[in-house]
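Chemist: Okay, sequence plus prediction incoming.
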Amino acid sequence: MEINPLLMALGLALFGGGADNPTSASTQNPNPSTETYITSTDSHCKVENTRPLANETVTWNGKCVNGFANGRGTVQWYQNGEKTSTFIGNLRNGKMHGKGKAIWSSGNIYEGDWVNGKQEGKGKKTWADGYVYQGEYSNGKQNGQGKIRQANGSVYQGGWLDSKPNGYGKLTLVKNDNLIDYWKPRNQGHWQGDVYIVQGIFKDDDLEIECSSVEECEQKQKREAKGKEK
């Protein structure tokens, strides 16, 4: 399957384009249940575990209310005795809720807001290969406004929908970034000093309308709409 150039530019092809659960592993159940729990081996508190793995165990060092993990503490997941992921923060009725930090064995880290077990609000995700996203989340995915920076310094800042660039945004590619060779032949973008700028309305992981401001984008959209009406 061909990888979209914009996703390559943002490193999203490596990210999987979706949300992470602290029990994240390549062998996750592809059909997670939102009402699956696992009982900690130490405190015997229930903790939400939407993607159960074989031979998986969990520990919890916080309070237990009505049989569920509640309040601030640390959840540690293991598979076959090997540590797979950690969550440090607040839980409510066994679900991550409030401020918290998730650390995966791959080196990926998310720190920010959680609601009912999902990333919701504002957060920062750092991937082991150097990519960093900081911005808004909804329903466990990048939704709203946010910025992602590649390890080489290239940046996309703007709108997101379901962990994909969507709406008005600005892609700033550093000199010698290979993705310049994709945008330049299409006559999209321009040099601004030592960086190459691609700016406008993004949709379906590509540039739909090139424009230098929200106002200009709106004007172009109106002109296109009028042209279609004729």
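Modeler: Structure's in. What do you need? Numbers count the residues shown, from 1 in each chain.

Chemist: Check the gap between Gln192 and Gly167 for me.
Modeler: Counting by CB to CB, to the nearest Å, the separation of Gln192 from Gly167 is 21 Å. Any C-beta I mention is one placed from the backbone N, CA and C, and that applies to glycine too.

Chemist: what's the answer for Asn49, then?
Modeler: Asn49 is 34 Å from Gly167, where distance means CB to CB.

Chemist: okay, these two: which has more neighbours?
Modeler: Using other CB atoms under 10 Å, the more surrounded residue of Asn49 and Gly167 is Asn49, with 23 against 17.

Chemist: mind checking pLDDT for the more buried one?
Modeler: At Asn49 the predicted local confidence, pLDDT, stands at 92.

Chemist: In space, what's closest to it - neighbours in sequence excluded?
Modeler: Take Asn49 and drop its neighbours on the chain: the residue closest to it by CB to CB, 6 or more residues apart in numbering is Ile38, 4.0 Å away.

Chemist: ok, the one you found touching Arg51?
Modeler: No: the pair Ile38 and Arg51 fails to qualify as a contact (CB atoms under 8 Å) at a distance of 10.5 Å.

Chemist: quick check: longest helix of this protein.
Modeler: Looking across the chain with DSSP state H, the single longest helix is helix 214-229.

Chemist: which parts of that one are buried?
Modeler: Under the neighbour-count criterion of 16 or more other CB atoms under 10 Å, helix 214-229 has Cys217, Lys220 buried.

Chemist: That'll do, ta.
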